[in-house]
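Participant: Here's my sequence, what's the structure:
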Amino acid sequence: MNEAKKKFTICLIGSIPKGDSERKSWIDWKEKYKKALGVLGEVDFTDGDVWRDETRPMELVGHDAYLVQSSDLVVVNAESKLGAGTAQEMVIAKYYERPLIAVLPKDTHHRRSNVEFDGTKIDDWMHPFLVVVSDLIVEKLDEAIPWIRELREDSSAKQIKDIKIIDQAIQKFKEFDNQRG
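Facilitator: Numbers count the residues shown, from 1 in each chain. Next comes the predicted model:
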């Protein structure tokens, strides 16, 4: 008897409305993502918006962290400004060694064209924290499909960052700081 192959679980993270009044006019971006990722076939989707008892912060954080921990892949909608919860979930993804894809179009809050910092022009600036913790950054979600298919076929085929990426960033800074004297 063949064992049924475990379904692939994708955790969707990103901005969600804060309060009932904001939710009334909100368009749920997750539906568009589920439709685009539907080409992958048998996939389960999870997201923290399904349980939102804001009177229980410890349980709410536990719920969202558990979803990240139990997923095979985390996809972050970075098309608009990210909040504290999403940023934390990205770090949690690295803590649990989960692949993390950021959907980050050009000329949005966290990705700017021709921006200047301290007199240095950067043609395609992306927020450094997104660059460092993401395993893949795409402008459009459908660009991630081949990468996800390869990950599903052989999870060892992709180099997935873990929480040690933070230590590596610190080390890189120290080396740079020592070189500049």
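Participant: Tell me which residue is most central in the protein.
Facilitator: Nearest to the geometric centre of the chain sits Val76, at 3.2 Å (Cα atoms, centre = their mean).
Participant: Distance check, that residue against Asp107.
Facilitator: With distances taken as Cβ to Cβ, to the nearest Å, Val76 is found 18 Å from Asp107. (Glycine included, C-beta is placed from N, CA and C.)
Participant: coming back round to it: secondary structure element for the residue nearest to the centre of the chain?
Facilitator: Here Val76 sits within strand 73-77, counting by DSSP states H and E.
Participant: Pull the residues that contact that strand.
Facilitator: Residues outside strand 73-77 that contact it (Cβ atoms under 8 Å, 6 or more residues apart in numbering): 8-15, 29-30, 33, 37, 68, 82, 86, 89-90, 93, 98-103, 134, 141, 144, 148, 151.
Participant: can you check stretch 21-40 too?
Facilitator: The contact list for stretch 21-40, computed with Cβ under 8 Å, 6+ apart, reads 8, 10, 12, 14-17, 43, 45, 47, 49, 75, 77, 79, 103, 141-142, 145, 148-149, 152.
Participant: Give me the buried entries from those.
Facilitator: Buried members of the contacts of stretch 21-40, counted by 16 or more other Cβ atoms under 10 Å: 8, 10, 12, 14-16, 43, 45, 47, 49, 75, 77, 79, 103, 141, 148, 152.
Participant: can you give me phi and psi for Ile27?
Facilitator: Here is the backbone geometry of Ile27 (degrees, to the nearest 10): phi -100, psi 120.
Participant: Which pLDDT value goes with it?
Facilitator: With respect to pLDDT, Ile27 scores 87.
Participant: Where does the prediction get shaky in the protein?
Facilitator: Low-confidence segments of the chain, defined by pLDDT under 70: 1-6.
Participant: Next up, the contacts around Met90.
Facilitator: Met90 sits next to Ile13, Val74, Val76, Leu100, Phe129, Leu130, Val133, Ser134 when contact means Cβ under 8 Å, 6+ apart.
Participant: of all those residues, which comes closest to Val61?
Facilitator: Ile13 (13.1 Å; Cβ to Cβ).
Participant: remind me, longest helix of this structure?
Facilitator: Determined from DSSP state H, the single longest helix within the chain is helix 164-180.
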